[in-house]
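> Need a 3D model of the following:
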Amino acid sequence: MATETFPGERISSYDVTGPLDTDYYDVFSDVTGTDRDAWRRARHVVDEVADDLLDAWDHAEYPVRSVLDALGRHNVLADGIEHEGLPHLSPLAAGLVNMELSRGDGSLGTVLAVQGGLALRTLALYGSPEQKAAWLDKLHSGETPGAFALTEPDHGSDSTGLESVATRDGDSWVLRGAKKWIGNGASGGITFVWARIQDESDPDHGRVGCFLIPQETPGYRGDVIQGKVSLRAIHQAHILLDDVRVPLDARLPGAHSFADTSRVLYATRSGVAWSALGHATACYEIALQYAQQREQFGKPLVSFQLVQEKLTRMLSQLTGMQLFCRRLADLEASGSLRPPQASLAKYTNTRTARDIARDARDLLGGNGILLENRVMQHLADIEAIHTYEGTESVQALLIGRDITGVGAFV
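Next comes the predicted model:
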């Protein structure tokens with residue numbers, strides 16, 4: 001049955017959220033085989049859950065079970081981790097998965113970053129054979145939510161100064177401290193808690209270790225952070241560790257210092273650059289489709305010079321982001337990627353994604369603030385990825401130290 005139209009409302013809504021696979025320089029046109037298949041599987045996840053996540057974002061709800069089930073069922077949670085028992089995703093495939101999920105929904109991309117990039121990677125790199133046997137498959141399948149607890153209320157950019165402690169007490173470790181902004185930290189799964197070792201007989205006394213803690217452990221309290229205006233369809237937690245007692249084998253034997261923490265963070269930093277590309281792709285494609293459908297002054301927006309100039313600028317920026325990400329994947333695949341190079345990609349792409357999202361919101365006019373058109377959601381979500389895994393300022397200092405040889409952190 002045709003929808004009745006009224007004077008002054010030729011179009012009541014716009015069909016703008018479908019993917020266009022924009023690739024003006026054919027940056028990804030040669031992607032084939034298992035890499036292309038991983039990209040395709042990620043799009044299937046988006047097709048399954050993106051609409052539900054839009055509603056969840058509106059209501060600040062986290063449908064953790066349906067999201068993790070979809071990610072696990074389509075086998076995209078390995079995030080490029082090389083480990084026996086996990087399917088191998090090349091750096092390019094892992095990046096394309098991250099890009100595609102974030103194009104569909106920023107919260108979805110962040111679930112991947114938390115579950116696969118942080119929790120699963122920590123276990124794969126540093127866990128004992130027994131810990132891996134118990135939890136690796138459960139994290140990879142999405143059966144068990146995983147969290148990575150490093151950031152504290154008083155220690156974000158200076159996370160090396162973390163104050164949470166793990167004190168040896170006979171045949172147990174007792175953890176005390178606070179963590180904040182921990183994705184999946186109150187979702188009923190397990191949390192990898194980084195804390196300072198307090199045991200003078202331990203070679204790592206005073207250094208940072210990691211502990212696998214089921215969230216139902218007495219003394220572990222995870223409260224969902226309320227009032228977020230970004231990444232609203234995944235919950236972050238404020239965690240209090242009130243003398244949480246765990247057995248000695250809860251400690252991950254491969255984690256001995258903050259350098260081990262950094263190894264995880266460097267890997268996920270590349271993922272943030274890809275995630276920013278996904279957000280920017282969505283915003284550009286929404287703006288293009290809207291400009292093709294929207295009419296003002298008797299003709300489509302795309303026929304106006306100012307609109308064409310804006311779309312061209314957005315495409316130019318987007319293509320630069322694609323080139324950054326493709327080179328990032330090539331360097332990682334060859335084993336020659338250096339951490340400051342990942343920082344430069346993250347620094348550049350999140351900044352550029354903000355610009356593209358703002359231009360898209362502007363081009364959509366008043367319709368740009370409607371959640372159904374998704375631009376405002378992407379714009380808000382980009383603000384979170386611009387900060388997490390190292391703020392813009394911290395990335396700049398990492399890069400600056402690399403190019404000058406002078407550290408300027410203090």
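
> which residues touch the residue nearest the centre of the chain?
Most central in the chain under C-alpha atoms, centre = their mean is Thr110, positioned 3.3 Å from the mean C-alpha point. With contacts defined as C-beta atoms under 8 Å, 6 or more residues apart in numbering, Thr110 is in contact with Gly183, Leu231, Ile234, Ser275, Ala384, Ile385. Bear in mind the C-beta positions are built from the backbone N, C-alpha and C, glycine included.

> ok, the residue lying closest to the first one once chain neighbours are set aside - how many residues close by?
Excluding the flanking residues, the one nearest Gly183 by C-beta to C-beta, 6 or more residues apart in numbering is Val114, at 3.7 Å. Under the neighbour criterion other C-beta atoms under 10 Å, Val114 is assigned a count of 24.

> before we move on, what about Arg351?
Arg351 is surrounded by 16 other residues when neighbours are defined as other C-beta under 10 Å.

> surely it meets Ile385?
No - Arg351 is beyond contact range of Ile385, at 11.0 Å (criterion: C-beta atoms under 8 Å).

> need the contact list for the residue nearest to Gly183.
Gly146, Ala147, Phe148, Gly183, Asn184, Ile234.

> Export those residues as CSV, with columns for secondary structure, neighbour count and pLDDT.
Written out in CSV, the entries for the contacts of Val114 read as follows (DSSP: H, G, I helix; E, B strand; the rest coil; neighbours: other C-beta atoms under 10 Å; pLDDT from 0 to 100):
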residue, secondary structure, neighbour count, pLDDT
Gly146, strand, 29, 98
Ala147, strand, 27, 98
Phe148, strand, 28, 97
Gly183, strand, 26, 97
Asn184, coil, 30, 97
Ile234, coil, 29, 97
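
> between these, which is nearest His44?
Using C-beta to C-beta, the shortest approach to His44 within the contacts of Val114 belongs to Ile234, at 19.7 Å.

> what's the closest one in contact with, if anything?
Ile234 sits in contact with Tyr62, Val67, Ser107, Thr110, Val111, Val114, Gly183, Asn184, where contact means C-beta under 8 Å, 6+ apart.

> Longest helix in this protein, by number of residues?
Determined from DSSP state H, the single longest helix within the chain is helix 258-293.

> Beyond it, next helix or strand please.
Downstream of helix 258-293, the next assigned helix or strand under DSSP states H and E is strand 295-296.

> Provide the contact partners of that following strand at residue level.
Identification of contacts with strand 295-296 by C-beta under 8 Å, 6+ apart yields Arg10, Ile11, Leu301.

> ok, Tyr14 touching Arg294?
Yes - Tyr14 is in contact with Arg294 according to C-beta under 8 Å; the separation is 6.8 Å.

> Overlap in contacts, the two.
Common neighbours of Tyr14 and Arg294, using C-beta under 8 Å, 6+ apart, are Asn367.

> re earlier: using CSV, please lay out the contacts of Val114 together with distance to Pro87.
Formatted as CSV, those follow (distance: C-beta to C-beta, whole Å):
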residue, distance to Pro87
Gly146, 17
Ala147, 23
Phe148, 21
Gly183, 23
Asn184, 21
Ile234, 24
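
> Confirm Asp37 sits in a strand?
No - in this structure, Asp37 is helix, not part of a strand, as judged by DSSP: H, G, I helix; E, B strand; the rest coil.

> Neighbours of it, how many?
Other residues near Asp37 number 13, with proximity taken as other C-beta under 10 Å.

> And the pLDDT for it?
Here the pLDDT value assigned to Asp37 is 97.

> got the residue ranges for the helices in the stretch 101-250 of the chain?
With DSSP state H, counting those that start in this stretch applied, the stretch 101-250 of the chain shows helices at 106-112, 121-126, 129-141, listed in chain order.

> Those helices: which one's closest to Leu328?
helix 106-112 (16.2 Å).

> For that closest one, what is the distance to the chain centroid?
Helix 106-112 sits 5 Å away from the centroid of its parent chain (C-alpha atoms, centre = their mean, to the nearest Å).

> Let me see the contact set for the closest residue to Gly104 other than its chain neighbours.
In this structure, Gly104 finds its nearest non-sequential neighbour in Val46, 3.1 Å apart by C-beta to C-beta, 6+ apart. For Val46, the residues meeting the contact criterion (C-beta under 8 Å, 6+ apart) are Glu100, Leu101, Arg103, Gly104, Asp105, Leu108.

> need the next SSE after the helix or strand hosting Val46, C-terminal direction.
Secondary structure here is read from DSSP H and E; on that basis Val46 sits in helix 33-59. Scanning forward in sequence from helix 33-59 by DSSP H and E, the next helix or strand is helix 64-73.

> re earlier: give me the buried subset of the contacts of strand 295-296.
By neighbour count, with 16 or more other C-beta atoms under 10 Å, these hold Leu301 as buried.

> can you list the contacts of strand 295-296 in TSV and add secondary structure, pLDDT and distance to Trp135?
TSV is the format used below for the contacts of strand 295-296 (DSSP: H, G, I helix; E, B strand; the rest coil; pLDDT from 0 to 100; distance: C-beta to C-beta, whole Å):
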residue	secondary structure	pLDDT	distance to Trp135
Arg10	coil	83	56
Ile11	coil	84	51
Leu301	helix	97	52
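
> I'd like the contacts of strand 295-296 laid out as CSV, including distance to Leu125.
Compiled in CSV, the contacts of strand 295-296 are given as follows (distance: C-beta to C-beta, whole Å):
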residue, distance to Leu125
Arg10, 57
Ile11, 52
Leu301, 50
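
> for the contacts of strand 295-296, which one is nearest Ala408?
Within the contacts of strand 295-296, proximity to Ala408 (C-beta to C-beta) peaks at Leu301, which comes in at 45.5 Å.

> Excluding chain neighbours, what is closest to the closest one?
By the measure of C-beta to C-beta, 6+ apart, the closest residue to Leu301 outside its immediate chain neighbours is Ala291, 4.1 Å from it.

> same deal with Asp242?
Residue nearest to Asp242 in three dimensions, not counting chain neighbours: Gly219, with 4.4 Å by C-beta to C-beta, 6+ apart.

> so what's the one you found up against?
Gly219 makes contact with Leu175, Leu241, Asp242, Asp243, Val244, Arg245 under the criterion C-beta under 8 Å, 6+ apart.

> can you check Gly366 too?
No contacts exist for Gly366 under C-beta under 8 Å, 6+ apart.
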